[in-house]
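Whatever this is, show me its structure:
(one chain, ligands or ions: 1)
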Amino acid sequence: MNWRNCRKFDAHVHVLPGERVDQFLANEGSEAPWSRCGAEDFLRRMDRFGIEKALLLPVNDPFLYYHDPDRTNRFLGGLVKAHPDRFRAFADVTASGAYFIEQTPFILEQAVEEYGLCGLKIHPTNLHMDADDLRLVPVLRKAADLGVPVMFHANPCRLGFHDNCAPDKINRMIQIFPDLTVITAHLGGAKFMDAVTGCTWADMSYILPKLVAWYGLEQVNRILRAFGPERLIFGTDFPQGEYDEYFDILDQMDFTEAEIEQIAWGNITKILTPEDRI
Ligand SMILES: [Zn+2]
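Modelled structure (predicted):
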C-alpha cells in the first residue's frame, strides 16, 4: 500500500463559489491556484488522485467567499447535499464588530442544523482576533454544545500578525473547552513545536512541502513521528498543495500500513459525523 492507492480523506480543501472562480480566472488566468477551485473541477481532481472524500473549509474571509457567512454556509451546505458521498464542510463566520459575540452562535447553529455542515473553521488572522480572544468564547461554547469540531488556522499569516494563530493560544482554548474537539491546521505552522507539545489533532496541509524544503525528508519524518499517527490528519490545503507532491513525500515516511490508514482516513472520520465512521 502507498499514498497513491490507499483510501484518502483530504481534510483541508477550499472550493470557491463560481463567481469567485470567475473573478480569479479573469484577473489571474487559468493557471493561478485559486482559478482551479470550482467544485466540478475539484471532483474530477479527487477522482484522478484517488481522494474518496474531502472536507471543505471556509476561511472567515469575506473577499474569498461571501461577505455574509450565512450565504457561504448555504453554498457549502448545498455542495454537501449535492455530493453527500464526497463532501463534508465546516461553517464560516466573519468579523462583524461588536455583533460577533452575539451573532456567531446562531450562525453556527443554523449551519449545522439546517444546512448540514459538521464543524466550524476559525482563522484568527482573518477575524482580526487572537486564537484565545474572549470574543470567540460564545461560538466555541456553541460548537461544544452541538458536538461539532473546530479547526483553527495556525500558520503565521500576514506580516505583523504572526502571533494571532500561535499554537500556544489555541492550546489555551483547548484547556478552556475540554469538551470541544479541536483540529490545529498546518501542524501549527512555523511554530509547530508548540503544537507538538500541546494542540490535539493536527492536519499537515500547506506546511508539509515547506517543512521538507526547510528540514529535509529525514527530519520531517521525525517531526511527523513527534506528533504521532494517532494525532495526524492528511490534508493539502487545495489549491495551495499538489497531490503528487504530497504522495511523493508521504511515501518516503516510515509509516506502517495501519498508520497510513489512520492518517489518511481513520482519524478524520472518527472526528466527523457518525456515518463517516464506517
Ligand atoms: Zn486552508
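
which residues of the chain fall in helices?
The residue ranges that make up the helices of the chain, judged by DSSP state H, are 18-28, 39-49, 69-82, 100-113, 137-146, 167-176, 192-197, 207-215, 217-227, 243-250, 257-261, 267-271.

Check the offset of the second one from the chain's centre.
So that's helix 39-49. Taking Cα atoms, centre = their mean, to the nearest Å, one finds helix 39-49 lying 18 Å from the centre of the chain it belongs to.

again with the fourth one
Helix 100-113 has its C-alpha centroid displaced from the chain centroid by 19 Å (Cα atoms, centre = their mean).

Let me know the angle separating that helix from helix 69-82.
Between the axis of helix 100-113 and that of helix 69-82 there is an angle of 10 degrees, by axes from the mean of the first three to the mean of the last three Cα atoms, to 10 degrees.

who's in contact with helix 100-113?
Surrounding helix 100-113, the residues in contact under the criterion Cβ atoms under 8 Å, 6 or more residues apart in numbering are 69-70, 73, 76-77, 91-93, 96, 117-118, 120, 127, 135, 137-139, 141-143, 146, 148. C-beta coordinates here come from the backbone N, C-alpha and C atoms, glycine included.

Please save the CA atoms from it in CSV.
The C-alpha trace of helix 100-113 is given here as CSV (Å, rounded to 0.1, in the frame of the first residue of the first chain):
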residue,chain,number,x,y,z
PHE,A,100,-19.6,38.9,16.5
ILE,A,101,-20.2,37.5,20.0
GLU,A,102,-24.0,37.7,19.6
GLN,A,103,-24.4,36.5,16.1
THR,A,104,-21.9,33.7,15.6
PRO,A,105,-23.5,31.1,17.9
PHE,A,106,-26.7,31.4,15.8
ILE,A,107,-24.9,31.4,12.5
LEU,A,108,-23.1,28.1,13.5
GLU,A,109,-26.3,26.5,14.9
GLN,A,110,-28.2,27.2,11.6
ALA,A,111,-25.2,26.0,9.5
VAL,A,112,-25.1,22.7,11.4
GLU,A,113,-28.8,22.0,12.0
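
so Trp201 bridges to which residues?
Each beta-bridge partner of Trp201 is listed here: Ile183, as defined by DSSP bridges.

Hmm, Asn267 and it touching each other?
Yes - at 6.8 Å, Trp201 and Asn267 qualify as touching, with contact defined as Cβ atoms under 8 Å.

Out of the contacts of helix 100-113, which end up buried?
For the contacts of helix 100-113, a burial check counting by 16 or more other Cβ atoms under 10 Å picks out 69-70, 73, 76-77, 91-93, 96, 117-118, 120, 127, 135, 138-139, 142-143, 146, 148.

quick one, what contacts Leu117?
Leu117 makes contacts with 73, 76-77, 80, 89-91, 111, as judged by Cβ under 8 Å, 6+ apart.

Please render those as a markdown table that adds pLDDT to the earlier fields.
Below are the contacts of Leu117 laid out as a markdown table (pLDDT from 0 to 100):
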| residue | pLDDT |
| --- | --- |
| Asn73 | 98 |
| Leu76 | 98 |
| Gly77 | 98 |
| Val80 | 97 |
| Ala89 | 98 |
| Phe90 | 98 |
| Ala91 | 98 |
| Ala111 | 98 |
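
from these, which is closest to Ser35?
Of all these, Leu76 has the smallest distance to Ser35: 19.5 Å, by Cβ to Cβ.
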